[in-house]
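> here you go, sequence then predicted model.
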Amino acid sequence: MSAKFIVGYDGSEASERALDFAMGRIKLQGGTVVLVHVLEWSPYSFLTPTELEERHKRRSEELERAEKALITPVLEKVRAQGVAVESKIRYGHIAETICTIAEEMGAVQIVIGRNGHTTLGSRIFGSVAGHLAQASPVPCTIVP
């Protein structure tokens, strides 16, 4: 069984650095990149059935758009370098969803990029990197 390295990917420079780091590790020791893209989605329990249907339609469109525009080109780029790769796109709380996927896939490591922003909001509510550093079920590398 190939070691799986979860890479949180959103198309940012930070996520590109995380992907490069993970690919370097995989090229040295073998394994598979699992690109994970999480779209944040807050549940609304007070929506009407019509509003829920419309929201579900938008959700499906967003997942499709993320797959085509963001993930597919990166999958091709990684495969071209001879590295095994797969992807997961889901809705949810970013850090919690990445942890869940890592557990489901039997990952050996999570790799994410740090964007360098230290806004008041991330200090009050926490950041994805901070949450993963505390809650990850496997070692988590935060690439600067």
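Sure thing, it's come through.
> so A107: helix, strand or coil?
For A107, the assignment made with DSSP: H, G, I helix; E, B strand; the rest coil gives coil.
> touching, it and V138? I think so.
Yes - using CB atoms under 8 Å, A107 is in contact with V138, at 5.5 Å. To be clear about C-beta, it is placed using only N, CA and C from the backbone, and glycine gets the same treatment.
> between these two, who's got more neighbours?
Legend: neighbour count by other CB atoms under 10 Å for A107 and V138, higher for A107 (25 against 15).
> ok, now which ones touch T32?
2-5, 26, 83-86 (CB atoms under 8 Å, 6 or more residues apart in numbering).
> switch the cut-off to 6 Å
Contacts for T32 (CB atoms under 6 Å, 6 or more residues apart in numbering) come out as 2, 4, 84.
> and Y91, what are its bridge partners?
In this entry, Y91 is beta-bridged to L39, by DSSP bridges.
> count of neighbours near it?
With other CB under 10 Å as criterion, Y91 counts 14.
> just the one 4 residues further on next, same as before
Taking other CB under 10 Å as the neighbour definition, A95 ends up with a count of 24.
> same check, this time on I142
I142 - counted by other CB under 10 Å - has 19 other residues nearby.
> mind listing the helices for this structure?
All helices of the chain, identified by DSSP state H, fall at 13-29, 49-65, 72-80, 94-105, 120-125, 128-135.
> what helices or strands is the fourth one leaning on?
In this case it means helix 94-105. strand 4-8, strand 32-39, helix 128-135 (3 or more CB pairs under 6 Å, 6 or more residues apart in numbering; DSSP states H and E).
> out of the contacts of T32, who's nearest V74?
If you rank the contacts of T32 by distance to V74 using CB to CB, A84 comes first, at 13.6 Å.
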